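Enquirer: Attaching a predicted model along with its sequence, questions to come.
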Amino acid sequence: MNQSASAKRILIVDDEKFFIEPVKRLLESHGYEIFIAYDGITGLSLAREITPDLIMLDLMLPGMNGYQVCRLLKYDKQLQDTPIVIVTAKDSERDREVGIESGAELYLVKPLDYKTLPAELAALL
């Protein structure tokens, strides 16, 4: 169901509006279609509904944390191959290991480098 002729869809799951807005504007300026969820449960539901091409996922979310969401996405046959980028303020080596073990393809620590972000995401798409 992936429409190669249309814009790639990116789902951002993060509860920090001040983080989401500049990222949304940046990625839209690169031609991506952006969807947003502010908690883990909504993010999981929206991912199943829209089948995004990539998911940007915070770890500290209300309702269900990012590790749980990541694992559930990777168990979902429809979404298991969707690249997941964890975007978080948690930067310990253990957090990074658990993120990758949970199924994330990339682990980025906030604040993000807006100059390199589009290229990092494009490499996964």
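Expert: Nice, I can see it.
Enquirer: quick one, helices of this structure?
Expert: Using DSSP state H, the helices of the chain run over 17-29, 40-50, 66-75, 93-101, 117-124.
Enquirer: any chance of those helices in a markdown table, with mean neighbour count and mean pLDDT too?
Expert: Yep, even glycine has a C-beta here, placed from its N, CA and C like the rest. Written out in a markdown table, the entries for those read as follows (neighbours: other Cβ atoms under 10 Å; pLDDT from 0 to 100):
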| stretch | mean neighbour count | mean pLDDT |
| --- | --- | --- |
| helix 17-29 | 14 | 96 |
| helix 40-50 | 18 | 97 |
| helix 66-75 | 19 | 96 |
| helix 93-101 | 14 | 94 |
| helix 117-124 | 14 | 96 |
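Enquirer: Select, out of those, the one closest to Val109.
Expert: Proximity to Val109 (Cβ to Cβ) singles out helix 93-101 among the helices of the chain, at 8.4 Å.
Enquirer: Of all the helices of the chain, which one comes closest to Leu108?
Expert: Nearest of the helices of the chain (Cβ to Cβ): helix 117-124, 7.3 Å.
Enquirer: check contacts around the spatially most central residue of the chain.
Expert: Centroid-nearest residue in the chain, with Cα atoms, centre = their mean: Met56, separated by 1.2 Å. The contact partners of Met56, by Cβ atoms under 8 Å, 6 or more residues apart in numbering, come to 10-14, 23, 85, 87, 121.
Enquirer: hmm, back to that, in a markdown table: the helices of the chain, plus distance to Met60.
Expert: Converted to a markdown table, the helices of the chain look like this (distance: least, Cβ to Cβ, whole Å):
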| stretch | distance to Met60 |
| --- | --- |
| helix 17-29 | 11 |
| helix 40-50 | 10 |
| helix 66-75 | 7 |
| helix 93-101 | 10 |
| helix 117-124 | 20 |
